[in-house]
Structure formats: C-alpha cells, structure tokens
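Student: model this:
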Amino acid sequence: MRRILAKSRNILRDLRRSPKQNVPSFPNEAVNFEKQVIFIAIPKTGTTTVRSQIRGRGTPLIPNPHLDIMQVRDTLYVYFLKRALGRNTTFPTESIPADSDLRGRAQQVFDTFFKFSGVRNPWARAVSLFFRREGVQLRDRISFEDFCERHLYASDTCRQPTLHKNQLDWLCDENGRCVMDYVYKVENFASAVKEIEERTEGRLRLVNSVKNRNPYSQSRHYRELHSDRTRKIIAARFQKDIDYFQYTF
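Tutor: Numbers count the residues shown, from 1 in each chain. The predicted structure is shown next:
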C-alpha cells in the first residue's frame, strides 16, 4: 500500500510541475488526484453533495459530471496525453513521456484510486426523475403513470442522457463486471460517510449536506405516488438493479 501511495504522489507531483499551456487541470470532476478517489455520479442519486466536496479547481478536460466508470478510465489516458503534447521546450527530448508511459500512468491511477459511487431505490428514483427541477421537466406535462410507462433508461430526463438501462451499468466494465471498490445506497448515506473515510484512510471526509435537496421532490413519499401498475412497471424494467443491490419497494 505504501508503494502504491508513493507512486500516486509522484503522479500528483509531476502534474504540479507541468507548465500551463492551455491544458486541462484535471480529467473530470469524477477524479480527485489529491484525495486519490474516483466518484461515479449516477444522475439523481444525490450526487451534488459528493461532487461539490471532491471537485477540483480549474478546468476539466470533460466538464460533463456524469460519466460512467469506463468513460472515466478512458478519459484518464486522454488527459495525460493532452498534458504531454506540445511540451518539448528543451534538448534532448528524453524527458517527454512515451505513449506507453502515458497509458501506464492512466492505468495506475485507475487501478489504485478508490473508486466509489451511490445508487438509489429504483421506485424512489423514478419519482425523483419525474419531479426533477433541471434537465427535462415533465411533472406539468404528463402524468406520473405515463412517465413510468415511457421510462426506459437510468438517465431519462437528464441533460446528458446515456443508454444505460440500469444504475449498475454505470459501474461495470466491458464484461459486465462491477469494478467499483465501494457502492453505497443513498438511503444509507449517513453511515456511508464513515465507511468512505475509513476505506480512504482519512483522505476523504465527506459532510452530509441537505442544501441541494430539490424542494419539488416527492421521492421520500414514493410509495404514495406509485400505483400497483407503476410499481410493477419499475420492478420489471429495473430488475437488474433491484436484484443486484437488493432493493424492495
């Protein structure tokens, strides 16, 4: 573990020494080099609280806050490549990293950083997506039952939608294997804060904040909004999440 942390500190040291030539400050807000963590922000799982506490200063390579774990992995390489290009200011040129070095550096970050995310009860999350205050707002346009009928993907109504059908899809590699170190349930976030601090050896100490709660949200009362029909629709459509994370209505 000490060797891994030392290598991570060397990467961070090199980033600080790199000259500023219109290059991004960090790959994406999912990655925090100081705290050595990667956070996958699945839409409508209370991500703003965590994102606001790990977001780096400066300009990200990709500003979209909602990237899946494989997109973050690939962004790491592009980020290191972007920082390396166009920096030959001395002679000879041995100090310029080879492409294999860049790929190795990106893989090392991905392998050693603490990768975590949060998921949410699919029935409550459907209500949250329906009553959202950003992105595509539908609460005044269609009924909740119509929304559930048309609700197919995990990021429906989001500004940057993907075709992930389940929350779990955001966290898996090409072979469908979850590669996260820790996935908490939003419903248990208070206890997850302590777990995250312990697993990161104190590097990441999150504060449980309610400042970003949607005043229109009805997700805490989701059982009252679901009919028997909508409950079955969500159960069938997001069975993968329900089974993997052991959610019940």
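
Student: List the contacts of residue 178.
Tutor: Counting by Cβ atoms under 8 Å, 6 or more residues apart in numbering, residue 178 touches 168, 171, 172, 244. The C-beta positions use only the backbone N, C-alpha and C, and glycine is treated the same way.

Student: Now tabulate the residues you listed in TSV and tack on neighbour count.
Tutor: As requested, the contacts of residue 178 are exported to TSV (neighbours: other Cβ atoms under 10 Å):
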residue	neighbour count
168	22
171	23
172	17
244	15
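
Student: and which of those is nearest residue 49?
Tutor: Minimum separation from residue 49 among the contacts of residue 178 (Cβ to Cβ) is found for residue 171, which lies at 18.7 Å.

Student: following the lowest-mean-pLDDT helix or strand in the chain, which helix or strand comes up?
Tutor: Using mean pLDDT, DSSP states H and E, helix 2-17 stands out as the lowest-scoring helix or strand of the chain, at a mean of 60. Next helix or strand after helix 2-17 toward the C-terminus (DSSP states H and E): strand 31-32.

Student: The following helix or strand past that next one pairs with which strands, and in what direction?
Tutor: Read in the C-terminal direction, the helix or strand following strand 31-32 is strand 37-40, with elements assigned using DSSP H and E. Based on DSSP bridges, the strands next to strand 37-40 in the sheet, each with its direction, are strand 31-32 (antiparallel), strand 114-119 (parallel).

Student: buried sites along the next helix or strand after the longest one?
Tutor: Put plainly, it is strand 114-119. Once strand 114-119 ends, the next helix or strand along the chain (criterion: DSSP H and E) is helix 122-130. Buried residues in helix 122-130, counting neighbours by 16 or more other Cβ atoms under 10 Å, are found at 122, 123, 124, 125, 126, 127, 128, 129, 130.

Student: could you dump those to JSON lines with pLDDT and distance to residue 74?
Tutor: Written out in JSON lines, the entries for the buried residues of helix 122-130 read as follows (pLDDT from 0 to 100; distance: Cβ to Cβ, whole Å):
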{"residue": "122", "pLDDT": "96", "distance to residue 74": "28"}
{"residue": "123", "pLDDT": "96", "distance to residue 74": "33"}
{"residue": "124", "pLDDT": "95", "distance to residue 74": "31"}
{"residue": "125", "pLDDT": "94", "distance to residue 74": "26"}
{"residue": "126", "pLDDT": "94", "distance to residue 74": "30"}
{"residue": "127", "pLDDT": "93", "distance to residue 74": "33"}
{"residue": "128", "pLDDT": "89", "distance to residue 74": "29"}
{"residue": "129", "pLDDT": "90", "distance to residue 74": "27"}
{"residue": "130", "pLDDT": "90", "distance to residue 74": "32"}
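
Student: out of those residues, who's nearest residue 52?
Tutor: Here the nearest of the buried residues of helix 122-130 to residue 52, counting by Cβ to Cβ, is residue 128; it sits at 18.2 Å.

Student: Leaving aside the residues adjacent along the chain, what's closest to the closest one?
Tutor: Counting by Cβ to Cβ, 6 or more residues apart in numbering, residue 219 is the residue found nearest to residue 128 once chain neighbours are left out, at 4.3 Å.
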